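Undergrad: No letters, just coordinates:
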């Protein structure tokens, strides 16, 4: 199927590359992706997919299904389309067109064995954890494997992603005249500064992959502060070890409580959100990279040991899942930057879309056609869920 798939994608990519540029020119942040949802679902309906909008409890999410025959594997093709505040600087506008192009290539050309393709539109990856919300509302239960793609500077795959949590802390002090009766005052600002200092000391007593980030939300004498005795901040914990997150959270809470004790203030903490690290599928990664090599994809590197946080991590804990990254920008240009915007549309981006669609389509056909490949992917997933290192892992990476 390799040559027909390649030829089909090359011949039918123009409209979908144009769609990518249109979404790029209409950036929408988390939970507001109405233009992107509309343009993607209209194309799917016009091409005879069964489309359901507003799935998973999110108005801008959707599911589109195509079934060939009875039975066979159900392959999930997940796409994002939310932008950052600066625009589509993470390349999510390309993901939907990639999946539509890949799905239609399989739909039009593969007629040997039964299968189902399920395209999930997943909003709000950038901080909104759309996929987690969708999971909690029943999405993804009808697929056996989840395939994704993402723009980058390389052709590669990921092994780990960051897990972590975001916290708010509010310190409450006591106001008193700093000259006439300083002994009665209790400074919320002092408590927050001490907490930040405690976090700095904590950095030297955790594993090297652990990151702490903090920022002032509101404090004494800043504009819009309703109470001069209150200081608020946000703290983020990041780690590549899911199992370490609980103890890191306990230690953070101890630092915050200690800062309140030292200053005679009170502190109220709240966990605002969490991120789950990926459960890697090295066998899916290998299928992706085998096709990338056969296609002579540019800027190939074997794999990325570590990447940022993503709500796709949640999905990989209920089924095998992997992301193929495709190059659209030079090696020194990262996503989430203004510079990336210069490369996110136009000819190079279009070549990236076609490359990613070919890899996704060929991988989907592998999983449908070669039962042993899908079985190996599922076996690796089950062993990882049981915390057993798959025997083939060393060979795969």
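TA: It's in. Values in this document were obtained by computation on a predicted structure and should not be read as measured data.
Undergrad: Now do the strands in the chain.
TA: Remark: strands assigned in the chain by DSSP state E are 50-53, 62-68, 74-79, 115-121, 145-152, 156-161, 163-172, 211-218, 230-239, 266-275, 304-307, 321-327.
Undergrad: nearest to residue 108, of those?
TA: Nearest to residue 108 among these is strand 62-68; the distance by CB to CB comes to 10.4 Å. Just so you know, the C-beta spots here come from the backbone N, C-alpha and C atoms, and that holds for glycine as well.
Undergrad: hey, what's the residue nearest to residue 260 when sequence neighbours are not counted bridged with?
TA: Taking CB to CB, 6 or more residues apart in numbering, and ignoring the residues beside it in sequence, residue 260 has residue 267 as its nearest neighbour in space, at 4.0 Å. In this entry, residue 267 is beta-bridged to residue 171, by DSSP bridges.
Undergrad: and residue 267, how many residues sit next to it?
TA: If you count neighbours by other CB atoms under 10 Å, residue 267 ends up with 21.
Undergrad: Going by neighbour count, which residues in stretch 194-206 are buried?
TA: 194-196, 198-199, 202, 206 (16 or more other CB atoms under 10 Å).
Undergrad: quick revisit: next, the contact list for the residue nearest to residue 260, please.
TA: Counting by CB atoms under 8 Å, 6 or more residues apart in numbering, residue 267 makes contact with 169-172, 191, 195, 256-257, 259-260.
Undergrad: just to revisit the earlier point, return the subset of the buried residues of stretch 194-206 lying in helices.
TA: Mapping those onto helices (DSSP state H) picks out 194-196, 198-199, 202.
Undergrad: wait, which of those residues is closest to residue 351?
TA: Using CB to CB, these come closest to residue 351 at residue 199, 44.2 Å.
Undergrad: Now residue 114: closest residue in space, sequence neighbours ignored.
TA: Excluding the flanking residues, the one nearest residue 114 by CB to CB, 6+ apart is residue 69, at 2.9 Å.
Undergrad: For that neighbour, give me the pLDDT.
TA: Predicted confidence (pLDDT) at residue 69: the value is 96.
Undergrad: Quick check: the gap between it and residue 193.
TA: 65 Å (CB to CB, to the nearest Å).
Undergrad: Repeat that for residue 262.
TA: For residue 262, the distance to residue 193 equals 11 Å [CB to CB].
Undergrad: swap in residue 162?
TA: For residue 162 relative to residue 193 (CB to CB), the value is 27 Å.
Undergrad: Equivalent analysis for residue 52, please.
TA: Applying CB to CB, the value for residue 52 to residue 193 is 51 Å.
Undergrad: okay, residue 162 and residue 193: which has more neighbours?
TA: residue 162 (23 against 18).
Undergrad: got a list of what that one touches?
TA: Residues counted as contacts of residue 162 (CB under 8 Å, 6+ apart) are 211, 238-240, 275, 277, 306-309.
Undergrad: the helices in the stretch 1-150 of the chain, which residues?
TA: Ranges of helices in the stretch 1-150 of the chain, per DSSP state H, counting those that start in this stretch, are 2-11, 14-24, 34-46, 95-109, 130-136.
Undergrad: And the contacts of the last one?
TA: Helix 130-136 is contacted by residues 30-31, 55-58, 61, 78, 80, 82, 120, 122-125, 139-140, 276, 311-312, 314-315, 318 when judged by CB under 8 Å, 6+ apart.
Undergrad: for the helices of the stretch 1-150 of the chain, which one sits closest to residue 333?
TA: helix 14-24 (16.0 Å).
Undergrad: The closest one vs helix 2-11, what angle?
TA: 60 degrees (axes from the mean of the first three to the mean of the last three CA atoms, to 10 degrees).
Undergrad: Now do helix 14-24 against helix 95-109, angle only.
TA: Using the same axes, to 10 degrees: helix 14-24 against helix 95-109 is 160 degrees.
Undergrad: Check what contacts helix 14-24 and list those residues.
TA: So helix 14-24 is contacted by 35-36, 39-40, 43, 81, 87-88, 93-94, 96-97, 100-101, 344-346, 349-350, 353-354 (CB under 8 Å, 6+ apart).
Undergrad: Which among those count as buried?
TA: By neighbour count, with 16+ other CB under 10 Å, those hold 35-36, 39-40, 43, 81, 87-88, 93-94, 96-97, 100-101, 344-345, 349-350, 353-354 as buried.
Undergrad: And the chain, split by domain according to the record?
TA: Listed by automatic domain parsing, the domain ranges of the chain are 2-161+277-396, 163-275.
Undergrad: so which of those is the most packed in?
TA: Of all these, domain 2-161+277-396 has the most neighbours on average by mean count of other CB atoms under 10 Å, namely a mean of 20.
Undergrad: how much space between residue 365 and residue 116?
TA: Distance from residue 365 to residue 116, counting by CB to CB: 13 Å.
Undergrad: wait, what's in contact with residue 279?
TA: 313, 316-317, 381, 384-385.
Undergrad: Residue 85 is in contact with residue 30, isn't it?
TA: No: with contact defined as CB atoms under 8 Å, residue 85 does not reach residue 30; the gap is 10.1 Å.
Undergrad: re the thing from before, which of the domains of the chain has the lowest average pLDDT?
TA: Minimum mean pLDDT among these: domain 163-275, a mean of 89.
Undergrad: Straight-line length of that one, end to end?
TA: One end of domain 163-275 to the other measures 5 Å (CA to CA, to the nearest Å).
Undergrad: Which helix in the chain has the most residues?
TA: Longest helix in the chain, counting by DSSP H: helix 347-369.
Undergrad: beta partners for the residue lying closest to residue 273 once chain neighbours are set aside?
TA: Using CB to CB, 6+ apart and skipping the chain neighbours, the partner closest in space to residue 273 is residue 166 (4.8 Å). For residue 166, the beta-bridge assignment (DSSP bridges) gives partners residue 236, residue 273.
Undergrad: ok, now how distant is residue 166 from residue 245?
TA: Taking CB to CB as the measure, residue 166 falls 12 Å from residue 245.
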